[in-house]
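Trainee: model this:
(one chain, ligands or ions: 1)
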Amino acid sequence: MSLQQLKQQVLEANLDLPRYDLVTFTWGNVSGIDRDRGLVVIKPSGVSYDKMRINDLVVLDLNGNRVEGDLRPSSDTPTHLVMYRRYPELGGVVHTHSTHATAWAQARRAIPIQGTTQADYFHGNVPCTRLLSESEVSEDYEGLTGHLIVETLHDTPPLTMPGILVANHGPFSWGKDPHDAVHNAVVLEEVARMSWITHQLNPQAPALPDYMLEKHYQRKHGKNAYYGQNTK
Ligand SMILES: O=C(CO)[C@@H](O)[C@@H](O)COP(=O)(O)O
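Mentor: Numbering: from 1, shown residues only. Model (predicted):
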């Protein structure tokens, strides 16, 4: 894929954020990576989606050096870069402040695995990070947010848990490319909303048993997956 094609993908993926009602104003960002060239394409900071054009996107190397683009990159760029450096299997990263996922993040609660909708995408509870300390925030807030995500995922393969809640901040999601990452952000918001309603109906609602989690997760993502046509 050419860099221009990746830019087009990243633009479309950013424009999908308001389309799927995941953002208010400019409160979200999508990036994508060209692994062969070692280049990341990300949205510019604070530019409204309806005015965003392909040439507004910023291209950086994995150390954050700007390679193309005149605008300042998303303020969350260092978080995206930590994710790409740590996990070679990622092709796209998304951050939003979507309402229900952010509410769980503000409650500092993992989204419990209670239904098959979540099990189709997330191999268990969607974790919530700890809160960064005052010194961490003053040192390198966005970079350390990335390390916090890595710390919280621990040894979980990221594509088996394609999203997380950053405490008191909001959700980050990822995927094999920018569109896949947005797809996972939409699902994360939806399961956050479902879990919130479930909790209203029954605060003691039980967890989905392991055999159901495995059945649903593996039939979509396992070695012998048979759901759909092998596309999301
Ligand atoms: O949380 C924040 C700002 O506090 C950001 O994630 C959000 O506003 C998006 O910022 P960018 O426009 O990507 O710089």
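
Trainee: Could you measure from the spatially most central residue of the chain over to the ligand?
Mentor: Nearest to the geometric centre of the chain sits Ser173, at 1.1 Å (Cα atoms, centre = their mean). To the ligand, Ser173 is 13 Å away according to Cβ to the nearest ligand atom, to the nearest Å. Bear in mind the C-beta positions are built from the backbone N, C-alpha and C, glycine included.

Trainee: cool, and Gln200?
Mentor: 27 Å.

Trainee: do Lys215 as well
Mentor: Going from Lys215 to the ligand by Cβ to the nearest ligand atom gives 36 Å.

Trainee: Name the SS class of that residue, please.
Mentor: Following DSSP: H, G, I helix; E, B strand; the rest coil, we place Lys215 in the helix state.

Trainee: can you count the residues close to it?
Mentor: For Lys215, the count of nearby residues is 15 (other Cβ atoms under 10 Å).

Trainee: Let me see the contact set for it.
Mentor: Ala119 (Cβ atoms under 8 Å, 6 or more residues apart in numbering).

Trainee: Any stretches of this protein with poor pLDDT?
Mentor: 230-232 (pLDDT under 70).

Trainee: which parts of the helix or strand where Ser138 lies are buried?
Mentor: Assessed by DSSP states H and E, Ser138 sits inside helix 134-153. By 16 or more other Cβ atoms under 10 Å, the buried positions in helix 134-153 come out as Glu142, Gly143, Leu144, Thr145, Gly146, His147, Leu148, Ile149, Val150, Thr152, Leu153.

Trainee: Contacts made by it with the rest, please.
Mentor: The contact list for helix 134-153 (Cβ under 8 Å, 6+ apart) reads 75-83, 86, 127-130, 132, 161, 164, 166, 169, 172.
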